[in-house]
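Participant: could you look at this predicted model? Sequence included:
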Amino acid sequence: MRKIAVVTGTRAEYGLLKNTLNKIKENSNLELQLVVTGAHLSEKFGYTVDEILKDGFKVDEKIPILMSSGSKDIIAKEMGLLMVQLSQVFERLKPDILVVLGDRYEIFAAVSTAMTMNIPIAHISGGEVTEGAIDEQIRHAITKMSHIHFPGAEVYAQNIINMGEESWRVFNVGDPGIENIKTTKFLNKQELRKQLNLDIDEDTLLITYHPVTLERELLSYQIENLIKALSIIKKKMIITYPNSDNGGDYIIKELEGFAKKNPNVHLFKNLGVLKYLSVMKLCGAVIGNSSSALVEAPYLKVPAINIGNRQKGRLMADNIISCSNECEDIVKAINKSLSNEFRKTVKNTESLYGEGNTSEEIVKILEDIQIDDKLLKKKLVWS
């Protein structure tokens, strides 16, 4: 039986991996080995390992790494701590393939460890472009260390090939976020009211703003402008916590103060995939700098405002309004997104990220691909 190890460190990443995890678990020729780390094991971010366990997955290893510090070197220390422990975990589990998703620093540590231990690496969502964050460098570094590539769109598959990766290693399987939508039985308004204790409708805004890691010195200015703009709009708001990147603590503190002063603002550590997508489907607009506004919102035909540079370079569908971090620009973008004219445009939005058979295609390749010298010994190919 082929052993497939998967490392996850955040709620968003787990949400995108969930269908693939289920397909691996159901496959009689594969054994799932699940390693949980990062924000999943932090009370501050909702201790989302409980969600993983509730979904019926066995967690083979928990590796807590988050430290309570806002210093610039903290992520490097957390990566080092994770690599030390993962080397022991991989030695014990002896996986045949490591599967990872995205561009988080926890994933970079996992891939670096696996590479030195000659474990083949399969990377989901490579080839994408996000110019405003260190995720950009991390993602492409992971691509060069990986042996199998599962990009979410044809243009991203081509980006990987343009980086010198052999084309036979690259499989355009579509984005897992689209599959999540197609396989989710959404909660209706009544069910959401019962679970969240508020009504979700087109007057509700769904907001997530993460630190822009290459603009750390601008964070206070960015959050000040975001909160000022949201105060002017005065709509009902559901705001979710940012990720655990450097600067996340500051954002949380400012948002908590904003929520305390405004009864129309509802702040959640973590909604989980089902509630998050259900709110997105019913809300008036998605606001912030999360990739969910670029992938899931277009498929659901919901207006989205993409603020600042964090997602700069990614594919943008017709439902997305990009704006700067200036208060006036954010207000203008939100008002435009809620206008009847723009809503008509959004109804004709087409998804740019595949048709939603992602996990099935990934697992078929994980099951069938030959693990041999050809897979492990990489070479650069220039067209």
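Facilitator: Sure, I can see it. Numbers count the residues shown, from 1 in each chain.
Participant: which one in this protein is furthest away from the centre?
Facilitator: When distances are taken from the C-alpha mean of the chain, D373 lies farthest, 32.1 Å away, according to C-alpha atoms, centre = their mean.
Participant: tell me which residues are up against the longest helix belonging to the chain.
Facilitator: Ranked by number of residues, the top helix in the chain under DSSP state H is helix 74-93. Helix 74-93 is contacted by residues 3, 5, 7, 33, 35, 37, 60-61, 63, 65-67, 98, 105-106, 108-110, 112-114, 117, 119, 245-246 when judged by C-beta atoms under 8 Å, 6 or more residues apart in numbering. Every C-beta, even on glycine, is put in place using the N, C-alpha and C of the backbone.
Participant: among those, which are located in strands?
Facilitator: If you go by DSSP state E, the contacts of helix 74-93 have K3, A5, V7, Q33, V35, T37, E61, I63, L98 in strands.
Participant: tell me how many other residues surround the closest residue to the fourth one other than its chain neighbours.
Facilitator: With sequence-adjacent residues excluded and distances taken as C-beta to C-beta, 6 or more residues apart in numbering, Q33 is closest to A5, at 4.3 Å. A5 is surrounded by 26 other residues when neighbours are defined as other C-beta atoms under 10 Å.
Participant: quick one: contacts for I365?
Facilitator: Residues near I365 by C-beta under 8 Å, 6+ apart: A122, I148, F150, F171.
Participant: pretty sure it sits in a strand.
Facilitator: No: with DSSP: H, G, I helix; E, B strand; the rest coil as the criterion, I365 is assigned helix and is not in a strand.
Participant: and it, what's its pLDDT?
Facilitator: pLDDT recorded at I365 is 98.
Participant: I'd like to know how many residues surround the nearest residue to G284 once chain neighbours are set aside.
Facilitator: Among residues not flanking G284 along the chain, E202 sits closest, at 4.3 Å (C-beta to C-beta, 6+ apart). Neighbour count of E202, defined by other C-beta under 10 Å: 14.
Participant: ok, E202 to K185 distance?
Facilitator: Per C-beta to C-beta, to the nearest Å, E202 is found 22 Å from K185.
Participant: before we move on, the earlier item: would you turn the ones in strands among the contacts of helix 74-93 into TSV with distance to E367?
Facilitator: Putting the ones in strands among the contacts of helix 74-93 into TSV (distance: C-beta to C-beta, whole Å) gives the following:
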residue	distance to E367
K3	12
A5	15
V7	20
Q33	15
V35	20
T37	26
E61	23
I63	27
L98	15
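Participant: now M117: closest residue in space, sequence neighbours ignored.
Facilitator: Distances taken as C-beta to C-beta, 6+ apart place F90 nearest to M117, at 5.6 Å, with adjacent residues excluded.
Participant: neighbours of that neighbour, how many?
Facilitator: Using other C-beta under 10 Å, F90 has 22 other residues around it.
Participant: list the contacts for D135?
Facilitator: Neighbour list for D135: G102, D103, R104, T213 [criterion: C-beta under 8 Å, 6+ apart].
Participant: now do the contacts for the first one.
Facilitator: Listed by C-beta under 8 Å, 6+ apart, the contact set of G102 reads E13, L16, I124, S125, D135, R139.
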